[in-house]
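S.K.: Sequence first, predicted model second:
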Amino acid sequence: MADRLCLQGILYVLCNDIAWQLLPPELGFGSGQTCWRRLERWQQAGVFGQLHQILLAELNAAGRLDWSRACVDGSHIRAKEGEPTPVRRRSTGGRRAANTT
């Protein structure tokens, strides 16, 4: 299966929020399982991170990015050293009831 068709299948599944196995075969993107495996392989290889960096660089060079509206996702930023570690607290959620039968 050609990479371009797999990418189109991946984008179709993600944009339409459908399960991989529901990817319509008549669209010619291959099976949902094939697209999913290719997505997994590309993610592990860092393809999408590299693509993101390239797109940002090209858009920035063309003056097409409005950095005044940018935000940072905290899950990708390293915490400052020396900051206190949050205290783990016991869950206040309910526990499963003991079997009464």
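M.R.: Yes, it's here.
S.K.: The residue nearest to residue 33 when sequence neighbours are not counted: what's it in contact with?
M.R.: In this structure, residue 33 finds its nearest non-sequential neighbour in residue 20, 6.4 Å apart by Cβ to Cβ, 6 or more residues apart in numbering. (C-beta placed from N, C-alpha, C; glycine too.) Residue 20 sits next to 13, 32, 33, 35, 36 when contact means Cβ atoms under 8 Å, 6 or more residues apart in numbering.
S.K.: from those residues, which single one is nearest residue 44?
M.R.: residue 36 (12.8 Å; Cβ to Cβ).
S.K.: Give me the neighbour count for that closest one.
M.R.: 18 (other Cβ atoms under 10 Å).
S.K.: Offset the numbering so it begins at 16, please.
M.R.: All set: I'll call the first residue 16, so the last point we hit is now residue 51.
S.K.: pLDDT wise, what is the residue nearest to residue 48 at?
M.R.: Confidence at residue 35, expressed as pLDDT, is 95.
S.K.: any idea how far it is from residue 66?
M.R.: 21 Å (Cβ to Cβ, to the nearest Å).
S.K.: what do you get for residue 72?
M.R.: 11 Å.
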